[in-house]
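*Asks:* I'll drop the sequence and a predicted model, then ask my questions.
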Protein chains: 2
Amino acid sequence: MGGSRLDPWVDSYASRAKAMRASEIRALFAVASRPEVVSLAGGMPYVQALPVEMMADTARRVLYERGSQALQYGSGQGDVTLREQILDVIGEVGVIAHPDDIVVTTGSQMALDLVTRVFCDPGDVVLVEAPSYVGALGVFRAYECDVIHVAMDAEGLVPSALSDAITATRAVGKKVKLIYTIPSFHNPAGVTQGPARRAEILAIAQSAGIAILEDDPYGLLGFEGEPPRAIRADDSDGVIYLGSFSKTIASGLRVGWAVAPHGVREKLVLANESAVLCPSNYTQLTISEYLATQPWREQIKTFQEVYRERRDALLESLQAMMPEGTTWTIPAGGFYSWLTLPHGLDATAMLPRAVANLVAYVPGTGFYVDGQGRQNMRLSYCYPEPDRIREGVRRLAAVIESELEVVQTFGTTHAPPDYTGSSVPSPHLE
Amino acid sequence: MGGSRLDPWVDSYASRAKAMRASEIRALFAVASRPEVVSLAGGMPYVQALPVEMMADTARRVLYERGSQALQYGSGQGDVTLREQILDVIGEVGVIAHPDDIVVTTGSQMALDLVTRVFCDPGDVVLVEAPSYVGALGVFRAYECDVIHVAMDAEGLVPSALSDAITATRAVGKKVKLIYTIPSFHNPAGVTQGPARRAEILAIAQSAGIAILEDDPYGLLGFEGEPPRAIRADDSDGVIYLGSFSKTIASGLRVGWAVAPHGVREKLVLANESAVLCPSNYTQLTISEYLATQPWREQIKTFQEVYRERRDALLESLQAMMPEGTTWTIPAGGFYSWLTLPHGLDATAMLPRAVANLVAYVPGTGFYVDGQGRQNMRLSYCYPEPDRIREGVRRLAAVIESELEVVQTFGTTHAPPDYTGSSVPSPHLE
């Protein structure tokens, strides 16, 4: 988009606005949203699994019974009843808190924005996983942070790499303000930190005096056993925990929250008021009424089953169809698997050919700020039906086979176009 | 709040967070929200004038018929159907635009935040009216702008003062990034720019090459004749226009919008995605369904009548009861009148005594960044019933009389406590 018309304000923008540019990849995703394309790209929850008539009746009841509250401005910290109910939700991952510790936000994306706003001056360092959530990278860049990736393995963020990154950053005189991590069912990596790993990471952060920003949108969407215990469950002073109803109820309501230490929470409320005055009472009361009257834990089980079936469809068809040399992570929950292509292949360069073959994914480069990830892609199994997933993998396997033939014949694929990582999130990449 | 507990993160915050502090005045407003206090402080719309059962049925229909869209992530720019409908709303103030020119935001407060984010580096100058909207001042300060007040008269922003401010600012080597104005039914001043005044202001901005940020939440809530023609109606390249459904439908939905020139709009969409991914589909579709199926122009007339009756109650009782030397503005629409106390009185110092006498207002200092406004207060007539307004003015007049007696006896009132202007907005001050 754009570019053709001259912008008379181009010299008036803030420095941070220079980092705001539409990803080249967006035009492709416009094509990829056509119904004939199997999209393994989007992170959209399967809201069709919700009983929509019940949601409709819930919304109606809220307005009938508490319309003058639902339609009015509310508290900058969020509705107090909802904050009490959120305690039950975070109790599932072992977090014990007080309603005063919680700030309700316009989706947890807004919480990411507000935490960064409170902590980060331009040039401050945020340590993030390699790869990391595209929407968080967009926020950190919007606040002109220095984003530094830290290696992951099959159990997520690698503690020794974290220690090394802190040491190296401090050695060059930079301040590390936040360690941003998604410990459970990582987006995009599809891996989960075990309890010992979490303890190691927490100990490193505590010893360095750096706050952990724990992002946990998928924590209740595991496929076996109990939900992983949050890092925040073991440190209420050193961890800012972000949660969301986007994946356990519905993303269209835009209700998330932060659980934060006292002083941070005060700043977050003020920042929230500056940004939006208050989160929507209407959406908050709808969520609150849903939690009070509906079997929400049962609904989460329904979501778990939906996503497990789709995860299985993805993994089985990857196993059956992918050419040798292709590897992928085995997610125990959440929405994503992270695939690594055979040596010599480039997921960014391959995307137009995949879309031409009616399958879409997100190239790995979108999840890094530094150009890594060309050999990777994120595959989402959250939205398409299992049969569509199998069909998508079949198409994708064919594209990869054909790329491999090119490599084997000519020693290289076509020169990759210059798709830089998306500088901002998009719901379709979320 | 706070202060007693030690904050371990106090040295980790961003520079901008230092400006984020709770106003001392908030504790008083907690008291002022008791039912026995007549609050002339709040800017809450009288949502009780909405047909709530109809709203409830609208919400239910949206989820029944378009649940899988309403509950899902949407576009970062906002729902396209709603953007088309917004064209009808802004057509009422003479603005002609294309749906592509519009960005839907989480209330127009978020639009203020995003515009500032796109334009302003720390130290950049924003020119604002004297006084100005507390929520805008909070945003400009959160982005570490230099806020400079420009004089107003009974017709709003004074053109010669605006020219002088631009010249003076540039003379010291500073960049003026935005001229922020509320031309219609000003918050808090209660005045309105006439057509000639608007033309003069626009010409000055155009000639200086500075963007106007036109904030118009009350434009359709005039009490006589046609709504004032927006400045944006006469310049689509130089004006960013902000609108809101908070006062014409309901504030609890948090749906506002910006109309912006092409290049600015692109940046705003990216900033919106970074901040919240997308505005809530659920609230947007509820507004859209309401606009499509309900007589919204008639409902605005109902609001106009409600607020005119209250404005009249306020003005009549001020006229009948206020001691000599007290003056106030005559609003032709909107929610507010701006009162000036007799010489020697201090509205900030007087507030605790007013609250003790069961009436509340917002002291003028909250609407300035520089300590002006001690002799002023904002009186809101939007929320209390007319009889309550009369009772509130009676109580307020008694407090002022009693302060005058002190001044006449001792030559001064008590030393004023140090209530600095609220650094952030609050729904109760909005």
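*Replies:* Thanks, I have the structure now. Numbers count the residues shown, from 1 in each chain, chains lettered A, B, ... in the order given.
*Asks:* make it CA atoms for all contacts and neighbour counts henceforth
*Replies:* OK.
*Asks:* my read: A:Ala154 touches A:His186, true?
*Replies:* No: under the criterion of Cα atoms under 8 Å, A:Ala154 makes no contact with A:His186, lying 10.7 Å away.
*Asks:* Which residues lie in contact with A:Val37 in this structure?
*Replies:* A:Val355, A:Leu358, A:Val359, A:Ala360 (Cα atoms under 8 Å, 6 or more residues apart in numbering or on different chains).
*Asks:* ok so the first one is a strand residue?
*Replies:* Same thing as A:Val355. No: using DSSP: H, G, I helix; E, B strand; the rest coil, the assignment for A:Val355 is helix, not a strand.
*Asks:* Skipping its backbone neighbours, what lies nearest it in space?
*Replies:* Of all residues not flanking A:Val355 in the chain, A:Ala32 sits nearest, at 6.3 Å (Cα to Cα, 6 or more residues apart in numbering or on different chains).
*Asks:* got it, and the second one?
*Replies:* For A:Leu358, the nearest residue in space outside its immediate sequence neighbours is A:Val37; the separation is 4.3 Å by Cα to Cα, 6+ apart.
*Asks:* In which helix or strand does the closest residue to A:Ala165 other than its chain neighbours reside?
*Replies:* Closest residue to A:Ala165 apart from its sequence neighbours, by Cα to Cα, 6+ apart: A:Val150 at 6.9 Å. When secondary structure is defined by DSSP states H and E, A:Val150 falls within strand A:146-153.
*Asks:* So in that sheet, which strands flank that strand, and in what orientation?
*Replies:* On the basis of DSSP bridges, the sheet neighbours of strand A:146-153 come out as strand A:125-130 (parallel), strand A:156-157 (antiparallel).
*Asks:* on that earlier part again, between A:Ala154 and A:His186, what contacts are shared?
*Replies:* Between them, A:Ala154 and A:His186 share the contacting residues A:Thr192, judged by Cα under 8 Å, 6+ apart.
*Asks:* Who has more neighbours out of those two?
*Replies:* The neighbour count for A:Ala154 versus A:His186, taken as other Cα atoms under 10 Å in any protein chain shown, is higher for A:His186 (31 against 14).
*Asks:* Wait, that one touches A:Gly334, no?
*Replies:* Yes: in this structure A:His186 lies within contact range of A:Gly334 using Cα under 8 Å: 7.4 Å.
*Asks:* Show me what secondary structure element comes after the worst-scoring helix or strand of chain A on mean pLDDT.
*Replies:* Lowest on mean pLDDT, DSSP states H and E among the helices and strands of chain A sits helix A:25-32, with a mean of 71. Sequence-wise, the next helix or strand downstream of helix A:25-32 (DSSP H and E) is strand A:38-39.
*Asks:* Now find how far off-centre that following strand is within its chain.
*Replies:* Taking Cα atoms, centre = their mean, to the nearest Å, the mean C-alpha location of strand A:38-39 is offset from the chain mean by 19 Å.
*Asks:* And for stretch A:263-279?
*Replies:* For stretch A:263-279, the distance to the chain centre is 22 Å (Cα atoms, centre = their mean).
*Asks:* With stretch A:245-252 instead?
*Replies:* Relative to the centre of its chain, stretch A:245-252 is centred 13 Å away, using Cα atoms, centre = their mean.
*Asks:* What separation do you get for A:Ser244 and chain B?
*Replies:* 12 Å (Cα to the nearest Cα, to the nearest Å).
*Asks:* Thank you kindly, that will do.
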